[in-house]
Each structure stands twice: as C-alpha cells, then as structure tokens.
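# Provided below are the primary sequence and the corresponding predicted coordinates.
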Amino acid sequence: MTVLTLRTMRRDLRALARADAQVAAALDRFGFPELRRRPPGFATLLRAIVFQQISIHAAGAIWKRIEAAVVPLTAEAYCATGDDAIRACGFSRQKLLYARSLAELVASGDVPLDALDAMDDEAAIAQLVKIKGIGRWTAEIYLMFALGRRDILPADDLGLVVGMQRLKGLTKRPDRKRMLKLAEAWRPRRSAAAHLLWHYFHKTQDAMRAGKASKKPAKGGGI
C-alpha cells in the first residue's frame, strides 16, 4: 500500500485538479497544502484525546505536562503512572478514564496498534473505535496522519465542512451524507483532497480577516 507522503499527496492533487476545475482553481490560488503527519502509536492517540473539545492553547499546555510526567510516553509507562500525577497535568475526570482505558488496551495487546497496517480502512477504524474516547473522527484522523492512508475523508470535521462549502460554492454547510457524496468523485485520493480543504479553509479565513481589517478606519497617529 502506497502511503500518503508529500510527493504522493501532490501527485494525487494534480490528478484531482485535472478532473475537478474547483480543485484546480484552489491550487492556482493558494498553492499546495502542507502534509500533516504524526508518528503512529499510543502517544498520537493519547494526544488526540487530550486535544478533544478544548482550545488548542489549553490542550498544548496539558500535553507538555503529560510529556514531562510520563517518560517514556508509552502505554506501559502510562499504566505505571498514578491517576493523581495525570490529574495534576490538567485532565478532566472523563479524559482520565479515556486515557487510562487506551493505555491498558494498548499495553495488554487487546488493541494491537501494530496490526492496523494490515487492515483495510474500515476494519482499522472499527478496531480503534472500540477504545473509549475514540470516535470515528479520531480514528479517521489517526489513519490519515499516523498511518498515511490515502483515501480518508473525516466528513464530520468542521474545517473540512466549511472548506467544502466554500470550494463548491454551496449556500449552506453540507451534512455528512452530502460531504461523502461530493467527495465520491475524489476516490481513491480523498486524503489529499482533505488536506486541500483544510488549506482552503484556513487561507480563505485569512483572506476574510484581511478584508475586514482593510475596511476598518485607520487609527490616528501623531505626525
């Protein structure tokens, strides 16, 4: 299986652009996106739990404390670390339970992360969602960023939803069903398309902010 690399992503996007004029226009306007990758394994799944439903700034601070408290950052080392030490890093009660479950399942081999490489996308997702705190979105993100799967589209991701709305000129945000229908033409290169949608979303956000800023009256300054 050829994994998603910067080279394969750009090759996939060029192929998509030849078949989709809106993809071609997005690439012409904003260029290629950066590739997002994370190392596979326990730490990346734990990081996904940490970053769920809180601000990036707050999650980043908690993550730094976790990295300092659990050395090395493996499932086995996490299991050997007491709840009080983890709670002191800023974990909520719920995330404490999710992270402990993840660590125990990985350490025991009940969720064999190394075996995911041999599974197809849906089988790997089904394996991951057995873990408390890991839903389909998190599983899809892991497959794309950590395993480099080339045909993943996390259709519930807000950035992708808004990116698709803007790319396709839709009057309202597409729901999951419409997201998947619109992206069907991008198979088997949907991971590259997802990277482009995130890129397009952020670039258009920046352009909108710049436009609003340019309309504001200039603040007075001394001569």
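Nice, thanks for sending it over.
# elements contacting the helix ranked longest in the chain?
Scanning the chain for the longest helix, with DSSP state H as the assignment, gives helix 190-215. Applying 3 or more CB pairs under 8 Å, 6 or more residues apart in numbering; DSSP states H and E, we find helix 190-215 packed against helix 6-19, helix 21-30, helix 158-168. Any C-beta I mention is one placed from the backbone N, CA and C, and that applies to glycine too.
# Could you identify which of these is most buried?
Neighbour counts (mean count of other CB atoms under 10 Å) averaged over each of the helices and strands packed on helix 190-215 peak at helix 158-168, with a mean of 19.
# got the contact list for it?
Contact with helix 158-168 is made by 22-23, 26, 153-155, 170, 172-174, 179, 182-183, 194, 196-202, 204, as judged by CB atoms under 8 Å, 6 or more residues apart in numbering.
# could you point out which element follows it?
Following helix 158-168 in sequence order, the next helix or strand is helix 176-183 (DSSP states H and E).
# Could you check that next one and say which residues are buried?
Going by neighbour count (16 or more other CB atoms under 10 Å), the buried part of helix 176-183 is 178, 179, 182, 183.
# List the neighbours of that helix that are in contact with it.
Outside of helix 176-183, the residues within contact range by CB under 8 Å, 6+ apart are 153, 155, 156, 160, 161, 164, 168, 174, 190, 193.
# Name the nearest of these relative to residue 107.
Nearest to residue 107 among those: residue 156, at 29.4 Å, using CB to CB.
# That closest one and residue 194, how far apart?
Per CB to CB, to the nearest Å, residue 156 is found 12 Å from residue 194.
# Show me which of the two is the more surrounded one.
Remark: of residue 156 and residue 194, residue 194 carries more neighbours, 29 against 14, as counted by other CB atoms under 10 Å.
# Excluding sequence neighbours, find me the nearest residue to the more buried one.
Closest residue to residue 194 apart from its sequence neighbours, by CB to CB, 6 or more residues apart in numbering: residue 153 at 5.3 Å.
# per-residue pLDDT, the one you found?
We have a pLDDT of 97 for residue 153.
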